[in-house]
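Provided below are the primary sequence and the corresponding predicted coordinates.
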Amino acid sequence: MKTSNPFLFFAAALCSIGCVCSTSDLVGPNDEGAIFDPQLLGDVVGTEAKTETYYTHRLTIGDRVIASSPPRKRYVEEQFTRIERKAPDSKTYLLRDYRVPQPSPDGEKLDPVQIGEVTEAHLTKLGNSLFFSSKESSGKRNVYWFGKISRENDQLFISMLEPKWIKEHPEIVPHRCVWDRDITLTATTEQLRDFLTKYADDADVWDEAIPLGRYRKSR
């Protein structure tokens, strides 16, 4: 996968067990079917800044530590994705990944540094659920990633289609299998929206929602 696409952090945690992408977007030309929700604007903090202890070598038996190298300290940078509006009247979101460098020795906080590319994304409502989608372009590969999103307090969650369910119900939506665990949906935008509308609230069709990080208003 192309890791410079910020939307892919939405999918990364689930792709180790299988991914579902699509050859069609969830919205049509000129943002047809897209909606805009200003409440989604802000930062999603995937990694909190912290200092952690680690060991280069450690031998354990059960809960007992038999041998260990001296403990060391390392700084873990904060990383977040900023969700912005492309233009005042646009329904397109812009996603930018940032990292926050370690403060200087005198304690001065440094400005966030953008990493990767800026990616466009769309929000749409199907059934009673909200979906976020974004395009990945990598060589000859042009696919769309999407997930069902929700917010609870300051946490943003995503749930993605369950590949196993699609394989068990191959007649439900046009698709092709990629390797053993991944699936590419080949449905048109209209077919895809109809499918997701029908199954948006079916728990069997979706992986368990996972937290993407802490949501906050952009600073």
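Noted; the coordinates are in hand.

where do the helices sit along this protein?
Taking DSSP state H as the criterion, the chain contains helices spanning 8-15, 163-168, 189-199.

please name every helix or strand in contact with the second one.
With contacts defined as 3 or more CB pairs under 8 Å, 6 or more residues apart in numbering; DSSP states H and E, the secondary structure elements packing on helix 163-168 are strand 182-185. The way it works is simple: take the backbone N, C-alpha and C, and place the C-beta from them, glycine included.

what's the strand it packs on in contact with?
15, 18-24, 143, 161, 163, 166-167, 173-178, 192 (CB atoms under 8 Å, 6 or more residues apart in numbering).

neighbours around I115, how many?
13 (other CB atoms under 10 Å).

residue contacts, the closest residue to Q79 other than its chain neighbours?
Spatially, and ignoring its direct neighbours in sequence, Q79 is nearest to T47 (4.2 Å; CB to CB, 6 or more residues apart in numbering). Residues counted as contacts of T47 (CB under 8 Å, 6+ apart) are 76-80, 213.

quick one: T47 from I83, how far?
Distance of T47 to I83, computed by CB to CB, to the nearest Å: 17 Å.

do I have it right that G42 meets R219?
No. Using CB atoms under 8 Å, G42 is not in contact with R219; the gap is 9.6 Å.

got the contacts of T47 as TSV, with pLDDT, neighbour count and distance to E120 columns?
As requested, these are exported to TSV (pLDDT from 0 to 100; neighbours: other CB atoms under 10 Å; distance: CB to CB, whole Å):
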residue	pLDDT	neighbour count	distance to E120
V76	84	12	29
E77	89	15	26
E78	90	17	24
Q79	90	19	21
F80	92	25	18
G213	86	19	20
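
what's in contact with the biggest strand by length in the chain?
Looking across the chain with DSSP state E, the single longest strand is strand 113-126. Here strand 113-126 makes contact (CB under 8 Å, 6+ apart) with 3-7, 25-27, 31, 33-37, 40, 83, 86, 91-101, 130-135, 193, 196-197, 200.

low-confidence regions, this protein specifically.
1-18, 137-141, 180-181 (pLDDT under 70).

leaving out the residues flanking it, which one is nearest to the residue sitting furthest away from the middle of it?
Each residue of the chain has a distance to the centre, and by CA atoms, centre = their mean the biggest one is for I66: 39.5 Å. What sits nearest to I66 in space, not counting adjacent residues and going by CB to CB, 6+ apart, is L59, at 4.5 Å.
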